[in-house]
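[1] here are the coordinates; sequence isn't available:
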């Protein structure tokens, strides 16, 4: 008799829905209830879209990938406060938009960006810094040569492992993948070293920008 009651109850239960069938808001609620894979499903749905969204705003695809990771870190921290009656997409895009604005704001204050504007050659993140052009006027050519010497001196002051990635990326225009192959370290380490190298370079060259 007991077994019959159990079977009756089981037959009355609806089968569990797959994660792919759930809405974003249902996935958020499922994650908070502890359902495995729910958050990964959300991440997979939005990762590429957010990378494109941030890259269009910032003009930097590599940095966009980092900011998407930061966006989902914030999602995990604050998901318990998310109102599941509202759209998850609106919330996560708002987070991504704010991170993009912060990135652009920080760039505008960064001495490295001021230096980039001064030289006018680093707008394209994959193009090496160039200082001379046959069409330059003599005074411009003199200024560029001075800047080249200043950059070389400043780069030489960087720690060796920072100096190498900075030179490969900013002066030779190598991709992250190429730098990883040359240095024998993974992409994450390349990006980390380059980030520190840029900050160090900016601090050293800042007095010359005033």
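    Right, received. Where do you want to start? Just so it is clear, the model here is predicted, and its values are computed rather than measured. Numbers count the residues shown, from 1 in each chain.

[2] could you pull out the strands in this structure for me?
    Ranges of strands in the chain, per DSSP state E: none exist.

[3] just checking, which helix or strand of it averages the lowest pLDDT?
    Using mean pLDDT, DSSP states H and E, the weakest-scoring helix or strand in the chain turns out to be helix 2-12, at a mean of 45.

[4] how is this structure carved up into domains?
    19-108, 111-209 (automatic domain parsing).

[5] which of those has the lowest average pLDDT?
    Ranked by mean pLDDT, the domains of the chain bottom out at domain 111-209, which scores a mean of 72.

[6] need the domains of the chain in CSV with mean neighbour count, can you?
    Glycine gets a C-beta too; all of them are placed from N, C-alpha and C. Output for the domains of the chain, formatted as CSV (neighbours: other CB atoms under 10 Å):
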stretch, mean neighbour count
domain 19-108, 16
domain 111-209, 15
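
[7] can you give me the helices in the chain?
    2-12, 24-32, 38-58, 61-78, 88-109, 111-119, 138-156, 160-166, 176-183, 187-205 (DSSP state H).

[8] helices and strands around the longest one, which ones?
    When contacts are defined as 3 or more CB pairs under 8 Å, 6 or more residues apart in numbering; DSSP states H and E, helix 88-109 packs onto helix 24-32, helix 38-58, helix 61-78.

[9] and those helices: which comes nearest residue 150?
    Using CB to CB as the measure, helix 61-78 is the one of those that comes nearest residue 150, at 25.5 Å.

[10] what residues does the closest one touch?
    Helix 61-78 has contacts (CB atoms under 8 Å, 6 or more residues apart in numbering) with 39, 42-43, 47, 50-52, 54-55, 58, 92, 95-96, 99-100, 103, 125, 176, 191.

[11] tell me the gap between that helix and the middle of its chain.
    7 Å (CA atoms, centre = their mean, to the nearest Å).

[12] so that helix versus helix 38-58, what angle?
    140 degrees (axes from the mean of the first three to the mean of the last three CA atoms, to 10 degrees).

[13] quick check: angle from helix 61-78 to helix 88-109?
    130 degrees.

[14] before we move on, the earlier item: now render the helices and strands packed on helix 88-109 as JSON lines, adding distance to residue 166.
    Shown next, in JSON lines, are the helices and strands packed on helix 88-109 (distance: least, CB to CB, whole Å):
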{"stretch": "helix 24-32", "distance to residue 166": "40"}
{"stretch": "helix 38-58", "distance to residue 166": "20"}
{"stretch": "helix 61-78", "distance to residue 166": "15"}
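
[15] out of the ones you listed, which gets nearest to residue 205?
    helix 61-78 (20.6 Å).

[16] what's the angle from the closest one to helix 187-205?
    100 degrees.

[17] could you give the angle of helix 61-78 to helix 176-183?
    Going by the same axes, to 10 degrees, helix 61-78 makes 100 degrees with helix 176-183.
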